[in-house]
Each structure stands twice: as structure tokens, then as C-alpha cells.
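Visitor: sequence isn't available, so here's the structure alone:
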DNA sequence: TTACATTCCGTAAGTACCTACAAAAAAGTA
DNA sequence: TACTTTTTTGTAGGTACTTACGGAATGTAA
């Protein structure tokens, strides 16, 4: 007897252009996706405004949009309290917490390696390429 | 008395809008940045064309551009042989290999978790949001 | 001579992103 | 009444990203 043919159980392949896993990658590594997940990392629940202040430079528009993408991927849970000045909280789901582990590792490595990057930038005058 | 002001030795802070570490994050998590680093992971040297074939869907233009950014950050080394049909090889630097470790972890987690994402997408009809 | 190979850079054109601004909701306060 | 609060959405406008296409280089093959 053959195994059940359930494509939904198959592993993704990021090197294939049409693989849905590329969407997840896109959402997670969008400009604000990583920062949102990292900011929520730690299990704490954050209000929209708190999250916005935690992530420097993000506009309300983009934060809301980014959170919707992550919610759509089941990595962020949105808890809206039906009060009148809206009160909305966000927190990571178990799936989101797994992603956060990897992203936090990347984020901390970048932060800790900044001196080395600055050394590289200084040694090879590559400011022109990096300016943008 | 204030502390010594040596910004070049200070750790980065991704939550600060003006921190240079955001540039590194941007380059690494650009659409093709992660895939290029992951494709080069393993220490092997790859020619431009091989790399292009390994990463499905990338145009020559964008691959060259992405590699320049990563080279500017000291994560990719470009070895050009002065022959006439151009022969160029790429490989990760030690810094790039450190990044690759984190990115590979993220990539493999996404690939392995795809079934769970597909389950989420199916349960909550969020196809509209993810379509793009 | 013509065609081909390989990598990269212009240019133009289209698409997607991002920001700023304003609006909406309903109850509480002055 | 007028104003405040918090979150989200709509719009317009600009910026950045992406792709497609052509060109350059120069030995070798047809």
C-alpha cells in the first residue's frame, strides 16, 4: 500500500520560485516583520501603541499591515477588547515563538557584529554602495 | 563625567531607526539576500551562473546587485578570473558563514514548517491577504 | 565573417512599497 | 458642544524595487 498522497504534508523548498514557503519568508523578512516578531519575543503581550514605540521608525499604517500578514500566517495573535477607545493586544503564537527564536538569533548576531561590519565598511570604501 | 564616545565599538540596536545595523539587516533579508547566502552555504565556491540556477527565479540584474551589497558588507567574496568569457566565482567569507548559520536555521525551519502554515491558511480563509 | 559563450552594466518601464494625512468609531470630560 | 482617547483604514503621492532588453568584452568554433 502506498503512502497517502497529501501534498500539504510536504516540506517546502525555498529555492523553488513558486513554493508557498517563499511567502512566509517574505512576510517574516519584510522590513518590519522581523522587528515586530523580535519585539514581541519574550512571551509578553503588547498593545499596538507599545509595539509601535518599541519599533523605532515604523508608521502606524505599516505596523498594522505587517501584523496582519503575521496574523494571517498564524504567528501573531490579535486580541481586540471591545471597548471604545480601541484596546488591541498582540502576542506570539507557538508558531511565532519558534520563528522568534531564529530571528532573535539573527538580530542579536547582527547587533553584536556591528563593529566588525563597520570595520569592513571603513577598510573598503564601499560607502557608495551602502549609502542607499 | 560621561563615558567614552567610541561608536565604532558599540553594539548595534536594531530598534533604533538610524542604527547602521539596519542596513545589514536590510541587505541580508532583501528578497534575494537570504537565498544567495543559503545557496553559498556549505563553503563551496559557485560561479555566477551556477548561483543563478541554484536560486530559482532571480534575474541576472538582481543577483549581481544583491551580491554587490553582500560583498560590500564583507560577507561574500568575489573572485574574478581575467579570462575573456568572464569567469567569476563567489564564496562566503568567515563573516558570511556566521550569517549563513543563522539564515540556514531560519530557512530550514520555514521549509519544515510549511505543512503547519498551510494548515493555518486553510483553517482561516486568509488567502485574500496572502495572495500577494 | 558570423555566431557563441559568460558576466555585468545601462536604460526604460512597470510594479510594489512606504509615508503622510485625514477620517472613523463611541464614551468620557470640560 | 467640543475635545480627547486608540486603532485601523482610505487616499494620494513619492520612493524604491524588479524585470526586460540590449550592449560590452574577446577568444573559439562554424
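Guide: Now that the structure is in, tell me what you want to look at. No experiment lies behind these values; they were computed from the predicted model shown.

Visitor: now do the SS call for residue A:90.
Guide: At residue A:90 the chain is in strand, as set by DSSP: H, G, I helix; E, B strand; the rest coil.

Visitor: tell me the contacts of it?
Guide: Residues near residue A:90 by CB atoms under 8 Å, 6 or more residues apart in numbering or on different chains: A:40, A:45, A:46, A:47, A:48, A:51, A:67, A:76, A:77, A:78, A:79. Using the backbone N, CA and C atoms, a C-beta is placed for each residue, glycine as well.

Visitor: all the strands of chain A, residue numbers only.
Guide: A:46-47, A:76-81, A:87-92 (DSSP state E).

Visitor: quick one: average confidence on the second one?
Guide: To tie it back to what came earlier, the one meant is strand A:76-81. For strand A:76-81, the mean per-residue pLDDT is 94.

Visitor: could you check how far the nearest residue to residue A:52 once chain neighbours are set aside is from residue A:121?
Guide: Among residues not flanking residue A:52 along the chain, residue A:63 sits closest, at 5.4 Å (CB to CB, 6 or more residues apart in numbering or on different chains). Separation of residue A:63 from residue A:121 (CB to CB, to the nearest Å): 30 Å.

Visitor: check residue A:94 too.
Guide: Using CB to CB, one gets 39 Å for the distance from residue A:94 to residue A:121.

Visitor: more crowded one of those two?
Guide: residue A:121 (19 against 10; other CB atoms under 10 Å in any protein chain shown).

Visitor: in CSV, list the contacts of residue A:90 along with distance to residue A:26 and neighbour count.
Guide: As requested, these are exported to CSV (distance: CB to CB, whole Å; neighbours: other CB atoms under 10 Å in any protein chain shown):
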residue, distance to residue A:26, neighbour count
A:40, 19, 25
A:45, 26, 13
A:46, 23, 18
A:47, 26, 15
A:48, 23, 18
A:51, 21, 21
A:67, 15, 21
A:76, 15, 23
A:77, 21, 17
A:78, 20, 13
A:79, 25, 11
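
Visitor: any weak-confidence spans in chain A?
Guide: A:1-8, A:125-132 (pLDDT under 70).

Visitor: all the helices of it, residue numbers only.
Guide: Applying DSSP state H to chain A gives helices spanning A:21-28, A:33-40, A:48-54, A:60-72, A:94-123, A:127-130.

Visitor: give me whichever of those helices is most buried.
Guide: helix A:33-40 (a mean of 24; mean count of other CB atoms under 10 Å in any protein chain shown).

Visitor: smallest gap between chain A and DNA strand D, at which residue?
Guide: DNA strand D sits closest to residue A:49 of chain A, with a gap of 2.9 Å, by CB to the nearest atom of the strand.

Visitor: tally of neighbours for residue A:41?
Guide: 17.

Visitor: list the contacts for the residue nearest to residue A:87 when sequence neighbours are not counted?
Guide: Closest residue to residue A:87 apart from its sequence neighbours, by CB to CB, 6+ apart: residue A:81 at 4.2 Å. Residue A:81 is in contact with A:87, A:88, A:89, counting by CB under 8 Å, 6+ apart.

Visitor: give me every residue that touches the first one.
Guide: I take that to be residue A:87. Residue A:87 touches A:47, A:80, A:81, counting by CB under 8 Å, 6+ apart.

Visitor: nearest to DNA strand C: which residue in chain A?
Guide: Nearest residue of chain A to DNA strand C, counting by CB to the nearest atom of the strand: residue A:31, 3.2 Å away.
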